[in-house]
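Student: Sequence first, then the predicted structure:
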Amino acid sequence: MDKRLLKRHKRQVARAKENAKVSEPDLRTPEQIKAAREASRATQGPGQGPTVHGSAGPVRNRGPIGTGSSAKTGSE
């Protein structure tokens, strides 16, 4: 790294260190955590929450399928 990039990197690291947030530990008991999870699960009905119907994306802009070597017949 040349000097300019090295100085920039040092500044970025220093800013990241001073802006770092420390998360606080969860002070709930395991029973409280389990109860909260069940309560949040119960609030989601059948029409709510994220649903994934299909993993395939749109089928647009695809070329024709099956254009392999079978097109070359009889020219040899």
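Tutor: Happy to help now that I have it. The structure presented is a predicted model; accordingly, all values stated were derived computationally and were not measured.
Student: can you map out the helices along the protein?
Tutor: 3-18, 30-43 (DSSP state H).
Student: I'd like these as a markdown table, with mean pLDDT, mean neighbour count and distance to Arg60 appended.
Tutor: Every residue, glycine included, has its C-beta placed from N, CA and C. Listed next are these as a markdown table, based on pLDDT from 0 to 100; neighbours: other C-beta atoms under 10 Å; distance: least, C-beta to C-beta, whole Å:
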| stretch | mean pLDDT | mean neighbour count | distance to Arg60 |
| --- | --- | --- | --- |
| helix 3-18 | 95 | 9 | 41 |
| helix 30-43 | 89 | 10 | 37 |
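Student: any chance of those helices in CSV, plus distance to Glu24?
Tutor: Listed next are those as CSV, based on distance: least, C-beta to C-beta, whole Å:
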stretch, distance to Glu24
helix 3-18, 19
helix 30-43, 15
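Student: tally of neighbours for Leu27?
Tutor: Look at Leu27: counted by other C-beta atoms under 10 Å, it has 6 neighbours.
Student: Model confidence score at it, please.
Tutor: pLDDT, Leu27: 91.
Student: how close does it get to Ile33?
Tutor: 10 Å (C-beta to C-beta, to the nearest Å).
Student: residues contacting Ala35?
Tutor: For Ala35, the contact set (C-beta atoms under 8 Å, 6 or more residues apart in numbering) is empty.
Student: Please repeat the previous calculation with a cut-off of 10 Å.
Tutor: 28-29 (C-beta atoms under 10 Å, 6 or more residues apart in numbering).
Student: Kindly provide the distance from it to Arg15.
Tutor: Ala35 sits 41 Å away from Arg15, going by C-beta to C-beta.
Student: same thing with Ala39?
Tutor: Separation of Ala39 from Arg15 (C-beta to C-beta) stands at 40 Å.
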